[in-house]
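Engineer: What follows is a predicted structure for the sequence shown.
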Amino acid sequence: MHSNAMSSGAQAEGYGRAEASHRAEAEINGQPDGIPEATVARLPVYLRALYGLAERGINTVASEELAAAAGVNSAKLRKDLSHLGSYGIRGVGYDVDYLVYQVSRTLGLTQDWPVVIVGAGNLGRALANYGGFASRGFRVAALFDADPHLTGTVVAGTRVRHTDELEAAIDTLHISIVVISTPAQAAQDVADRLVAAGITSILNFAPVVLNVPEGVDVRKVDLSIELQILAFHEQRKGGHALPQVGARTLDDPGLDTPLIDTGTRA
């Protein structure tokens, strides 16, 4: 099977020289140093597509093929990759291994990122057991929960600690990224404690909007919102759902009260 990892120091050194060349070319072309947020949001999608290509033993890929695998148009992909200083080779395309390295390096995935999960309920345990974190440079260093019945249990080889230990663990484990998977009512208090402890990157699974000061990045994952959006599109396509328990429809003979108040009474 094709390996995604850097096979040797010489290969990494070669990538470094190639990257320096690309950066020099970018400077000549007046490329700005900053990468747009929209581009950053698409880089993980490109990386996932590149891993898929590498696993199939594909060494080079045309921009059109990579764009199709990532679900974007090829012009947007080429522009995004140009911000990284990668322009491909005309008639050949992009070197898959090099592009994996380059995108990973830009995203900071060539480093080890210890991650803490606060909330060891069903969702927190599922996240801790997710094998995709480790393969992408993220290591679940600790889990926390306020429930004394959960503290002391072991999830994916990691002992659940009580949230009383949260600040101390952040300091000793050198944590930069924290995942919140608590109930909604507890999430803001947890976020406040994290900010006070110096955390500036939070992935929030709790169904609530967190109020954080400027300089703290929060990425919100709300599964119910995503399902509601899918329900909207499915309804537009003529999909059918089961009626809600106790709900009445317009053709229900028992529905004798107008849905809209017209201001008149019989």
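Structural biologist: Sure thing, it's come through.

Engineer: which residues in this structure form helices?
Structural biologist: Ranges of helices in the chain, per DSSP state H, are 9-28, 37-55, 63-70, 74-82, 96-107, 122-128, 132-135, 166-172, 184-196, 223-236.

Engineer: rank the ones you listed by mean pLDDT and give me the bottom one.
Structural biologist: Mean pLDDT is lowest for helix 9-28 among the helices of the chain, at a mean of 43.

Engineer: circling back to that earlier point, can you tell me which of the helices of the chain comes nearest to V116?
Structural biologist: Of all the helices of the chain, helix 166-172 sits nearest to V116, with 6.8 Å by CB to CB. All C-beta atoms are positioned from the backbone trio N, CA, C, and that covers glycine.

Engineer: Please tabulate the helices of the chain in TSV and include mean neighbour count as additional columns.
Structural biologist: Output for the helices of the chain, formatted as TSV (neighbours: other CB atoms under 10 Å):
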stretch	mean neighbour count
helix 9-28	13
helix 37-55	17
helix 63-70	18
helix 74-82	18
helix 96-107	21
helix 122-128	18
helix 132-135	12
helix 166-172	15
helix 184-196	16
helix 223-236	10
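
Engineer: To A141, which of these lies closest?
Structural biologist: Closest among these, using CB to CB: helix 166-172, at 8.0 Å.

Engineer: Run through the bridge partners of the nearest residue to G88 once chain neighbours are set aside.
Structural biologist: Leaving aside its sequence neighbours, G88 sits nearest to Y94 (CB to CB, 6 or more residues apart in numbering; 4.5 Å). Beta bridges link Y94 to V61, judged by DSSP bridges.

Engineer: Wait, Y94 touches L84, no?
Structural biologist: No - if you go by CB atoms under 8 Å, Y94 and L84 don't touch, sitting 10.7 Å apart.

Engineer: More neighbours: which of these two?
Structural biologist: Neighbours of Y94 and L84, each counted by other CB atoms under 10 Å, are more numerous for Y94; the result is 26 against 21.

Engineer: Dump the helices of the chain into TSV; add distance to G152 as well.
Structural biologist: Shown next, in TSV, are the helices of the chain (distance: least, CB to CB, whole Å):
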stretch	distance to G152
helix 9-28	42
helix 37-55	35
helix 63-70	43
helix 74-82	46
helix 96-107	35
helix 122-128	14
helix 132-135	23
helix 166-172	15
helix 184-196	19
helix 223-236	28
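
Engineer: for those, which one sits closest to A142?
Structural biologist: The nearest among those, by CB to CB, is helix 166-172 at 5.3 Å.

Engineer: contact partners of that closest one?
Structural biologist: 116, 118, 142, 144, 161, 175, 178, 190, 193-194, 196-199 (CB atoms under 8 Å, 6 or more residues apart in numbering).

Engineer: picking that back up, need the contact list for the residue nearest to G88.
Structural biologist: Y94 is in contact with 60-63, 66, 81, 86, 88, counting by CB under 8 Å, 6+ apart.

Engineer: any idea how far the lengthiest strand in the chain is from the chain center?
Structural biologist: Scanning the chain for the strand with the most residues, using DSSP state E, yields strand 138-145. In this view, strand 138-145 has its centroid 17 Å away from the chain centroid, taken as CA atoms, centre = their mean, to the nearest Å.

Engineer: Repeat that for stretch 45-64.
Structural biologist: The answer for stretch 45-64 is 19 Å, by CA atoms, centre = their mean.

Engineer: which other residues reach it?
Structural biologist: Contacts of stretch 45-64 (CB under 8 Å, 6+ apart): 1-4, 66, 69-72, 74, 77-78, 80-81, 88, 92-97, 99-100, 103-104, 107, 109.

Engineer: Show me how the record splits the protein into domains.
Structural biologist: Per the record, the chain has its domains at 9-106, 113-223, by automatic domain parsing.

Engineer: Can I get those in TSV including distance to H233?
Structural biologist: Formatted as TSV, those follow (distance: least, CB to CB, whole Å):
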stretch	distance to H233
domain 9-106	16
domain 113-223	16
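
Engineer: Can you check which of those domains gets nearest to E234?
Structural biologist: With CB to CB, the closest approach to E234 among the domains of the chain belongs to domain 113-223: 16.0 Å.

Engineer: Many thanks, have a good one.
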